[in-house]
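Asks: A structural model of the following input is requested.
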Amino acid sequence: MMVLCWLRYGMGLCGAALFYVLFPGWLGGYVLVLTLLLPLFSLALSLPTALLLQGEVLLPPEGGRRGAACPVRVHLKAPWGLPLSRVAFQLEYQNLFSGQKGRESHSFPLAGGEEWVESAFTSRSFGVVQCRLRYFRGYDLLGLFPIFSRKGGEGTVLCRPAKAEGLGMRGQDAGGEGDEGKSPTGGEVRPYKPGDSLRSIHWKNSARLQTLLVRSEGGGRAGAVVAFDLRGTPEGLQNKLDRAFGLLTELLGQEIACLAMVRQGGGEVNRFPVENKEDLQKLFWTLGEKKPAPAPQEAESPFEVPEGLSFWLGDEEEGEVQP
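Replies: Alright, predicted model coming up:
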């Protein structure tokens, strides 16, 4: 584009020189001098505007999802509304969990001093994605000189795991003597043990979770433990995170508070209480803002989870209930 602008200016300069040759008076000289000084006038007029050009990256607060397009808006504004012949910028995306990177360039005229640019990116991996303006620059009114502005803004957004089915809870009420007139969250639950009263059986959650549960003494919400580790092949790890997100979402939808136990590649186990959607967002944001540590070569001890209602998400299984 800039080469084309210089070609046009060169043709105009040749025309002014030819005019001076044909009409060697003061008019021809005046036209030739103005043509020679025109690029300097254009640069002087556009330089303050281009140097003060502001760029902002706006991302959706709800985030995106792995494998789906996530919208991005770029707001460019020139002070005093002065025009530029053209503005060019490059957006850079980096997934902090997988290391995936991508870039895309845009170029357009900035006639009104302000422009909104709609774009989108698709992340093949779960993780926190950092979007930033790698560079943006304006061009003078003739389009002859690029004027680099200071670095633009940046933002981060969470690309949640893809949708995955949990345990197939349909939400229907199985009914039962011990469930009449009581809320599903009327007390904490635990797996059934021989000797427990049949009236303490939580029929609704037992049907949903496909295992026999009873109410324990004391108030509070029903609870479950979801355990998984951040290791395995890239594809297997993504599938595991999809299942974990789907299971936690389904449990929260059934008003069951959860404790997520995540074993990192180095062997340390982190615990995250998940009682609402904000906790779920915080959990996956924490997991997605850095690369998982590599798994050790030597064999490790089995993953230990607390007794009670627990879900272990392995590399192959779809998740099993361990009383």
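Asks: Have a look at this structure and report its longest helix.
Replies: helix 26-51 (DSSP state H).
Asks: and it, what does it pack onto?
Replies: Secondary-structure packing of helix 26-51 (3 or more C-beta pairs under 8 Å, 6 or more residues apart in numbering; DSSP states H and E): helix 2-22, strand 84-95, strand 127-139, strand 146-148. C-betas here are computed from N, CA, C, even on glycine.
Asks: now the angle between strand 84-95 and that helix, please.
Replies: In terms of direction (axes from the mean of the first three to the mean of the last three C-alpha atoms, to 10 degrees), helix 26-51 departs from strand 84-95 by 30 degrees.
Asks: following helix 26-51, which helix or strand comes up?
Replies: Under the assignment DSSP states H and E, the closest C-terminal helix or strand after helix 26-51 is strand 54-58.
Asks: Could you spell out the sheet neighbours of that next one, each with its direction?
Replies: strand 69-77 (antiparallel) (DSSP bridges).
Asks: so what's the nearest residue to residue 228 once chain neighbours are set aside up against?
Replies: Nearest residue to residue 228, sequence neighbours excluded (C-beta to C-beta, 6 or more residues apart in numbering): residue 313, at 3.9 Å. Contact partners of residue 313, counting by C-beta atoms under 8 Å, 6 or more residues apart in numbering, are 226-228, 240, 243-244, 247, 319.
Asks: of those, closest to residue 260?
Replies: residue 226 (5.2 Å; C-beta to C-beta).
Asks: now the closest one: how far from residue 292?
Replies: Residue 226 is 17 Å from residue 292, where distance means C-beta to C-beta, to the nearest Å.
Asks: Looking at the two now, which is surrounded by more residues?
Replies: residue 226 (25 against 19; other C-beta atoms under 10 Å).
Asks: What pLDDT does the model give the more buried one?
Replies: At residue 226, the model reports a pLDDT of 87.
Asks: Test my guess that it contacts residue 258.
Replies: Yes - using C-beta atoms under 8 Å, residue 226 is in contact with residue 258, at 5.5 Å.
Asks: any residues in contact with both of the two?
Replies: Shared contacts of residue 226 and residue 258, counting by C-beta under 8 Å, 6+ apart, come down to 248, 251, 274.
Asks: can you list the weak-confidence ranges in the stretch 51-200 of the chain?
Replies: Where the stretch 51-200 of the chain drops to pLDDT under 70, the residues are 81, 150-151, 164-193, 195-200.
Asks: What segments of the stretch 101-250 of the chain are helices?
Replies: Ranges of helices within the stretch 101-250 of the chain are 203-209, 234-253, based on DSSP state H, counting those that start in this stretch.
Asks: which stretch among those comes nearest residue 67?
Replies: Closest approach to residue 67 among those (C-beta to C-beta): helix 234-253, 9.3 Å.
Asks: Just the C-alphas of the closest one, formatted as CSV.
Replies: Extracted in CSV, the C-alpha atoms of helix 234-253 (Å, rounded to 0.1, in the frame of the first residue of the first chain):
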residue,chain,number,x,y,z
PRO,A,234,-2.1,-32.8,25.4
GLU,A,235,-5.3,-34.3,23.9
GLY,A,236,-5.9,-36.4,26.9
LEU,A,237,-5.4,-33.5,29.3
GLN,A,238,-7.8,-31.4,27.3
ASN,A,239,-10.4,-34.1,27.5
LYS,A,240,-9.9,-34.5,31.2
LEU,A,241,-10.4,-30.8,31.8
ASP,A,242,-13.5,-30.9,29.6
ARG,A,243,-14.9,-33.7,31.8
ALA,A,244,-13.9,-31.9,35.0
PHE,A,245,-15.6,-28.7,33.9
GLY,A,246,-18.7,-30.5,32.8
LEU,A,247,-19.0,-32.5,36.0
LEU,A,248,-18.4,-29.5,38.3
THR,A,249,-21.0,-27.5,36.3
GLU,A,250,-23.5,-30.3,36.6
LEU,A,251,-23.0,-30.7,40.3
LEU,A,252,-23.4,-26.9,40.9
GLY,A,253,-26.5,-27.0,38.8
